[in-house]
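Student: after the sequence you'll find the predicted model.
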2 protein chains.
Amino acid sequence: MLLFTERLFGTGHVSIKEKIRQEAMILFAEKGYSAVSMRQVATLAKVSVAGIYHHYPDKKALYLDAIRFAFSGKEDIFNTVWVMQCSPEKTLTLFIRALFDVLLADRTFHRLMQYEIMEADGERLQLLAQSVFHQQFSLLIRLVQQLAPTQDAHLMATTIIILVEGTLRAQPINRYFPGRKAEHDQVEVMAEHVTQVVLKALQAH
Amino acid sequence: MLLFTERLFGTGHVSIKEKIRQEAMILFAEKGYSAVSMRQVATLAKVSVAGIYHHYPDKKALYLDAIRFAFSGKEDIFNTVWVMQCSPEKTLTLFIRALFDVLLADRTFHRLMQYEIMEADGERLQLLAQSVFHQQFSLLIRLVQQLAPTQDAHLMATTIIILVEGTLRAQPINRYFPGRKAEHDQVEVMAEHVTQVVLKALQAH
DNA sequence: GTCTATATGGCGATAGAC
DNA sequence: GTCTATCGCCATATAGAC
């Protein structure tokens, strides 16, 4: 993400506004909107509080810009999956793994997404749905329809996303349940398990 | 939940402390810990702020008591499922439906759980795991082992819980994805879908 | 056991110098 | 465009009357 801005502004240089947004994004992801103060953002961004208000009218505008930035460009990562010409089963396997990788690679993004799903109103949910998931969801539905034409594609598509995101979300608490093994935290194991569950679910009954 | 206290204290009477806890619980579930002020709790509980501090040393203690109360007794609802003598498949179907019903019947509980999973440290995650899920999880693991002895019971048990909770959690945003039908919000449809996915996943390959 | 009054500090946001 | 200084308010928490 930083690489993009570095390309725009030269070696290593990031504008003050971008620095503010970046630190705000991280703080909002860690603690949620209410638990973050403008003073904390200012300290981490190495500006004064008034400096923030030069770039943003209020705290909410800063938050909206932060999530808008965090959610942008996420769909591109999946391009390699859909571009490849392989069997539907293999494509599904790659998609599930790619979804795991995206969420694991950007924990800030994942947590902002979780907070938004819990706290956003309809308008912001729509932004999240369209800017992050819409394209992937449509392609996923088509894939499901290829694999299992008789099943409810919307239900299955949401189930696939839920399984991946939920598996990662449940990681911390899973440590406190019986039968836990160290290998359950490996992305290969998680992705393989989810893939098997989904492929079996897509078989005709 | 109120019925229990009513039995203890006579017709309709609820102690001030319980009223404070009750209103705090609802507020914390709606907005999260940081977004709730002692003043708001005091107003809804019809006491002064100082009145709260007579019963609780600080805000965190009030929060901990609220979630402890919200999480207590939830396991009892599943007793009817495990007591019944029927096939493993039928038991699993009943458990999934019961889990849906618990989360749907007590949205306050569900939201407190979501916030805890996001924000709690290890100690509080352990409290959540033990007081809410531990018994159910063990029984669920045994059930999975009956249905699919060769599979990883821990992974499948978590998958089942994730599918139910995730399906409900995704409801609001699902409205903004293509292919959404009104029937997808019916608990019967959701439970049937999850049950089918899980039963297929448990079949030997 | 509940109240009014208050202490103390952090909050979001602004004014005005440079 | 960034700063220091400050506003007015609300936050958690306490003191002490009744």
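Tutor: Now that the structure is in, tell me what you want to look at.

Student: break chain A down into its domains, please.
Tutor: Here the domain assignment for chain A is A:2-70, A:73-202, based on automatic domain parsing.

Student: okay if I get those domains as TSV plus distance to residue B:37, mean pLDDT and mean neighbour count?
Tutor: C-beta: built from backbone N, CA, C; applies to glycine. Listed next are the domains of chain A as TSV, based on distance: least, Cβ to Cβ, whole Å; pLDDT from 0 to 100; neighbours: other Cβ atoms under 10 Å in any protein chain shown:
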stretch	distance to residue B:37	mean pLDDT	mean neighbour count
domain A:2-70	10	90	16
domain A:73-202	17	96	17
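
Student: include distance to DNA strand D when you put those domains into a markdown table, please.
Tutor: Shown next, in a markdown table, are these (distance: least, Cβ to the nearest atom of the strand, whole Å):
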| stretch | distance to DNA strand D |
| --- | --- |
| domain A:2-70 | 3 |
| domain A:73-202 | 17 |
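
Student: ok, which of those comes nearest residue B:85?
Tutor: Among those, domain A:73-202 comes nearest to residue B:85, with 24.3 Å by Cβ to Cβ.

Student: residue A:169 against residue B:117, yeah?
Tutor: Yes. If you go by Cβ atoms under 8 Å, residue A:169 and residue B:117 touch, sitting 6.7 Å apart.

Student: so which strand or helix has the residue nearest the centre of chain A?
Tutor: The centroid of chain A falls nearest to residue A:110 when counting by Cα atoms, centre = their mean (4.2 Å). Using DSSP states H and E, residue A:110 sits within helix A:107-119.

Student: alpha carbons of that helix, as CSV, please.
Tutor: The C-alpha trace of helix A:107-119 is given here as CSV (Å, rounded to 0.1, in the frame of the first residue of the first chain):
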residue,chain,number,x,y,z
ARG,A,107,-4.7,-7.6,9.6
THR,A,108,-5.5,-3.8,9.7
PHE,A,109,-7.9,-4.3,6.8
HIS,A,110,-9.5,-7.4,8.3
ARG,A,111,-10.2,-5.7,11.7
LEU,A,112,-11.6,-2.5,10.0
MET,A,113,-13.9,-4.8,8.1
GLN,A,114,-15.0,-6.5,11.3
TYR,A,115,-15.7,-3.2,13.0
GLU,A,116,-17.6,-2.0,10.0
ILE,A,117,-19.8,-5.1,9.8
MET,A,118,-20.6,-4.6,13.5
GLU,A,119,-21.1,-0.8,13.6
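
Student: so what touches it?
Tutor: The contact list for helix A:107-119 (Cβ atoms under 8 Å, 6 or more residues apart in numbering or on different chains) reads A:25-26, A:28-30, A:32-33, A:66-67, A:70-71, A:74, A:102-103, A:124-125, A:128, A:132, A:165, A:168-169, B:31-32, B:111, B:114-115, B:118, B:169-170, B:172-173.

Student: how about the residues of chain A near DNA strand C?
Tutor: A:36-40, A:49-50, A:53, A:57-60 (Cβ under 7 Å from any atom of the strand).

Student: give me that answer again for 6 Å
Tutor: Along chain A, the residues adjacent to DNA strand C under the rule Cβ under 6 Å from any atom of the strand are A:37-39, A:49-50, A:53, A:58-59.

Student: mind giving me TSV with these and columns for secondary structure?
Tutor: What follows is the residues of chain A next to DNA strand C, written out as TSV (DSSP: H, G, I helix; E, B strand; the rest coil):
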residue	secondary structure
A:37	coil
A:38	helix
A:39	helix
A:49	helix
A:50	helix
A:53	helix
A:58	coil
A:59	helix
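
Student: quick revisit: so which of the contacts of helix A:107-119 sit within strands?
Tutor: If you go by DSSP state E, those have nothing in strands.

Student: in helices, which of these fall?
Tutor: Mapping those onto helices (DSSP state H) picks out A:25-26, A:28-30, A:66-67, A:70-71, A:102-103, A:124-125, A:128, A:165, A:168-169, B:31, B:111, B:114-115, B:118, B:169, B:172-173.

Student: list the contacts of the closest residue to residue A:56 other than its chain neighbours.
Tutor: Nearest residue to residue A:56, sequence neighbours excluded (Cβ to Cβ, 6 or more residues apart in numbering or on different chains): residue A:62, at 4.3 Å. Neighbouring residues of residue A:62 by Cβ under 8 Å, 6+ apart: A:20-21, A:24, A:38, A:41, A:52, A:56.

Student: ok, 7 Å please
Tutor: Residue A:62 makes contact with A:24, A:52, A:56, according to Cβ atoms under 7 Å, 6 or more residues apart in numbering or on different chains.

Student: and the angle from the helix or strand containing it to helix A:107-119?
Tutor: Using DSSP H and E, residue A:62 maps to helix A:59-71. Per axes from the mean of the first three to the mean of the last three Cα atoms, to 10 degrees, the angle that helix A:59-71 makes with helix A:107-119 is 120 degrees.
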